[in-house]
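# Fold the following for me, if possible:
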Amino acid sequence: MVAGIEKFMDENGNSRDAMAYVYGVERWHGLGNLVNDCNDSGEVLEKGGLKEWDLVKVPLGFPAEPHLWEIENDPKAVPKGFACNHVPGMWAIFRKKDRKMISTYSVRDEYHIIQNEEIFRVLDQFPDLQYHTAGSLNDGKRVFVLCTFKNGLSEGAQIRPDDKDSKVMPFLLAHTSHAGEGSLVFDLTLTEVVCWNTLMAAEASAWAPIRIMHRKNAEERMEGAVEALSKIKDLFSDTTKTYQEWAQQRCTMDEWKLILRGSLGIHLEKEEEIIPPITKRRMNRLTDLFTDGRGRRGETMWDAYGAFTEYTTRFRGGEGLLRSNPSEAIWFGSSRDMERNAVREIKRTVKNRDKDIKIAVSN
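All right, here's what the predicted structure looks like:
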């Protein structure tokens, strides 16, 4: 399964990639089906392999007759129509469209399935959105929908006035799990999602996710999400304003070292010689990106933040090795934590500096 993208059978019995994309999307894997109308949710659903899944929650159980308990590793030996006892708290998620079992996790009894069409019904309420990519990942366990903006946000925002390469483009990302865990999430991201790994990167750089748990009140919560999503433009404006401020705020090498240690979870008092070699290599790679990364000069807080975002998208693992493809893989949990920690440490550094300035002025 290349890039985590699922395969599905179309109405003609042909195997297709469960991903839809519009013209101009860069797909490192070359997979997917081109969408002709980026405003047509029906076409995106169909070409993304997301249409009419009709997911159902089915109880899992075991034979009620003790003599059937002796049958091991041979499901064919179990007679059809036997009585079954339900295992409390154990359910399977089935896709009726192709009779595929998506998940056998320990699903909560109150777990409520959110169908793919319900996600699109929320997004269809926003005339300023147009579909960009959508698809099914990891054998249907995760689905995503990525949208771009029309009108005011279509051109993005330039962070440095003198640097055209510093432009950032916003995407609205909706994704959910069909594996009996997680939530339906709507969020603003700067990452173009075309595979499982870029979805993980988008989660890492997400700003203010709107989470809707898989409960019976999910439909009501989605109605409430519509109002929250209507303010998404303000969120982008506020965030880019922060980035633009970071681009004007200096970052000394001493401050960078504090941000670096805090982001990697290294105690400030820890001596250099007892830091593990793999962590040292990661620190050295990040420092190189801070001073000489793409469009960076090693001078500002924006340079500091960019070092972490470039690391998580271009390099892999603690060794900091260059990926064969920039979109190929994301260092999953650690990359998300590191990037979020970086934002926290930069904000803390800026805040502490402001405090020091106020104290100096008052004295």
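
# And residue 251, how far from residue 98?
The gap separating residue 251 from residue 98 is 53 Å, by C-beta to C-beta, to the nearest Å. Every residue, glycine included, has its C-beta placed from N, CA and C.

# just the helices in the stretch 201-350 of the chain please.
218-229, 232-248, 253-264, 277-292, 301-314, 332-362 (DSSP state H, counting those that start in this stretch).

# same question for the last one, mean pLDDT?
With pLDDT averaged residue by residue, helix 332-362 scores 69.

# re the thing from before, quick one: which of the helices of the stretch 201-350 of the chain is nearest residue 148?
Nearest of these to residue 148, taken as C-beta to C-beta: helix 232-248 at 11.9 Å.

# Tell me the secondary structure of residue 114, please.
Here residue 114 is recorded as coil under DSSP: H, G, I helix; E, B strand; the rest coil.

# where does it land on pLDDT?
Residue 114 carries a pLDDT value of 91.

# which residues touch it?
Each residue near residue 114 by C-beta atoms under 8 Å, 6 or more residues apart in numbering is listed here: 176, 184, 212, 214, 218, 222.

# what domains does the record give for the chain?
Listed by automatic domain parsing, the domain ranges of the chain are 2-52+113-232, 249-362.

# Just list the residues touching residue 20, thanks.
Taking C-beta under 8 Å, 6+ apart as the contact definition, residue 20 lies against 32-35, 43-44, 46-49, 131, 133-135.

# would you turn these into JSON lines with secondary structure?
JSON lines is the format used below for the contacts of residue 20 (three-state DSSP):
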{"residue": "32", "secondary structure": "coil"}
{"residue": "33", "secondary structure": "strand"}
{"residue": "34", "secondary structure": "strand"}
{"residue": "35", "secondary structure": "coil"}
{"residue": "43", "secondary structure": "helix"}
{"residue": "44", "secondary structure": "helix"}
{"residue": "46", "secondary structure": "helix"}
{"residue": "47", "secondary structure": "helix"}
{"residue": "48", "secondary structure": "coil"}
{"residue": "49", "secondary structure": "coil"}
{"residue": "131", "secondary structure": "strand"}
{"residue": "133", "secondary structure": "strand"}
{"residue": "134", "secondary structure": "strand"}
{"residue": "135", "secondary structure": "strand"}
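
# Quick check on those: which are buried?
In the contacts of residue 20, burial by neighbour count holds for 32-33, 35, 43-44, 46-49, 131, 133-135, counting by 16 or more other C-beta atoms under 10 Å.

# how far away is residue 305 from residue 287?
Look at residue 305 and residue 287: by C-beta to C-beta, they are 14 Å apart.

# more neighbours, the two?
residue 305 (24 against 17; other C-beta atoms under 10 Å).

# And that one, how far from residue 18?
34 Å.

# Which stretches in the stretch 1-150 of the chain count as strands?
Here the stretch 1-150 of the chain has its strands, by DSSP state E, counting those that start in this stretch, at 7-9, 15-17, 19-21, 33-34, 55-63, 84-95, 100-103, 129-137, 142-149.

# right, so these: which one is the most enclosed?
Highest mean neighbour count among these (mean count of other C-beta atoms under 10 Å): strand 19-21, with a mean of 27.
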